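>>> Here's a sequence, model it:
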Amino acid sequence: MPDTRSDYLRDPAAIYARSFAIIEAEAGAALAALPAELRGIARRLVHSCGMTDIVQDLAWSGPVARAARTALDAGRPILADVEMVKSGIIARRLPAGVTVRCTLGDPAVPGLAGQLGTTRSAAAVELWRGDLAGAVVVIGNAPTALFHLLDRLEAWPERPAAVFALPVGFVGAVESKEALITAGLTVPWLTLRGRRGGSAMAAAAVNALADITF
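Have a look, this model is predicted:
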C-alpha cells in the first residue's frame, strides 16, 4: 500500500488558497446571492466547518457586518457566551483597544443561575448589561444564552450594535434561532437556521470582519 502521508499540501498559503477555491466552486452561486457585505462572513463560516451547504441556511436582519465593524472601530467590546468563542477570536485582527469578554466564569454566575432557575450560560448574560450598549454580541454555544438575551432585550433599554447568534445542539438551538428571527429586533443580527453552529463558526464570523471593505 502506498504511503499517502507524504503526498499532501504543506504550504500554508497554498492550503488557504485551495480551501477558498473549493468553497467558491461548491458554493459560489449561493454566496453570490448574498448581500456583498455578508459574502466574506459566509466564506469564513464555511471554512470553519467544512460544510458548503450552510450558506442557504443563513438568516440576517439589517447591515450586521457594517454595524459590527463600526462598533469595533469605535472600540466597543465583544461579548461572548463561552471561552471557546473568546479564544477563537484572533486578537491581532481586532482594532486597537477592543476587548473580548466572557462572563461565564464570573464567581457570581452560579448563584445567579440558581436564583433565576436557569443555566449558567443564561445567567452570565445578566452580567453583560453594563457593557451591552453598542457592543458586538457573539453566541456560539448556548441556546439558553440567546433565549435569555432576547428576554432581557424586551426589558433593558441597552441595545448591542450587532448580534451573531450561532448556538449549536439538539435542545433549544433551532428554537432559540427561530425566536431571534421572529423577535422583530431593531438590532442587526446574523444566525444559522437549524442545529448547526458552534464556537468556531461564531469566532469565524468576527474574524471575517477585518477583511470587509465598505
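>>> make it CA atoms for all contacts and neighbour counts henceforth
Will do.
>>> Return the set of buried residues in the worst-scoring helix or strand of the chain on mean pLDDT.
In the chain, the helix or strand scored least confidently by mean pLDDT, DSSP states H and E is helix 12-32, which has a mean of 90. For helix 12-32, burial by neighbour count (16 or more other Cα atoms under 10 Å) applies to Ile23, Glu24, Ala27, Gly28, Ala30, Leu31.
>>> Need the max-distance pair from the residues you listed.
Within the buried residues of helix 12-32, Ile23 and Ala30 form the most distant pair, 10.5 Å apart (Cα to Cα).
>>> ok so, going back, format the buried residues of helix 12-32 as JSON lines; extra columns: distance to Gly134.
Formatted as JSON lines, the buried residues of helix 12-32 follow (distance: Cα to Cα, whole Å):
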{"residue": "Ile23", "distance to Gly134": "33"}
{"residue": "Glu24", "distance to Gly134": "34"}
{"residue": "Ala27", "distance to Gly134": "33"}
{"residue": "Gly28", "distance to Gly134": "33"}
{"residue": "Ala30", "distance to Gly134": "31"}
{"residue": "Leu31", "distance to Gly134": "28"}
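>>> Distance of the nearest residue to Gln56 once chain neighbours are set aside relative to Ala67?
Sequence neighbours aside, Ala30 is the residue nearest to Gln56 in space, at 6.6 Å (criterion: Cα to Cα, 6 or more residues apart in numbering). The spacing between Ala30 and Ala67, counted by Cα to Cα, to the nearest Å, is 23 Å.
>>> Quick one: distance of the host helix or strand of Arg152 to the chain centre.
Arg152 belongs to helix 143-155 when assigned by DSSP states H and E. Distance of helix 143-155 from the chain centroid (Cα atoms, centre = their mean, to the nearest Å) equals 16 Å.
>>> Give me the residues contacting that helix.
81, 119, 121-125, 139, 159, 165, 167-168, 171-173, 176-177, 179-180, 183 (Cα atoms under 8 Å, 6 or more residues apart in numbering).
>>> Show me the strands in this protein, by range?
Remark: strands assigned in the chain by DSSP state E are 58-61, 78-80, 100-102, 136-139, 162-165, 189-192.
>>> In JSON lines, list the ones you listed along with mean pLDDT, distance to Leu45 and mean neighbour count.
Shown next, in JSON lines, are those (pLDDT from 0 to 100; distance: least, Cα to Cα, whole Å; neighbours: other Cα atoms under 10 Å):
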{"stretch": "strand 58-61", "mean pLDDT": "98", "distance to Leu45": "10", "mean neighbour count": "16"}
{"stretch": "strand 78-80", "mean pLDDT": "98", "distance to Leu45": "17", "mean neighbour count": "27"}
{"stretch": "strand 100-102", "mean pLDDT": "98", "distance to Leu45": "19", "mean neighbour count": "20"}
{"stretch": "strand 136-139", "mean pLDDT": "98", "distance to Leu45": "14", "mean neighbour count": "28"}
{"stretch": "strand 162-165", "mean pLDDT": "98", "distance to Leu45": "12", "mean neighbour count": "28"}
{"stretch": "strand 189-192", "mean pLDDT": "98", "distance to Leu45": "10", "mean neighbour count": "25"}
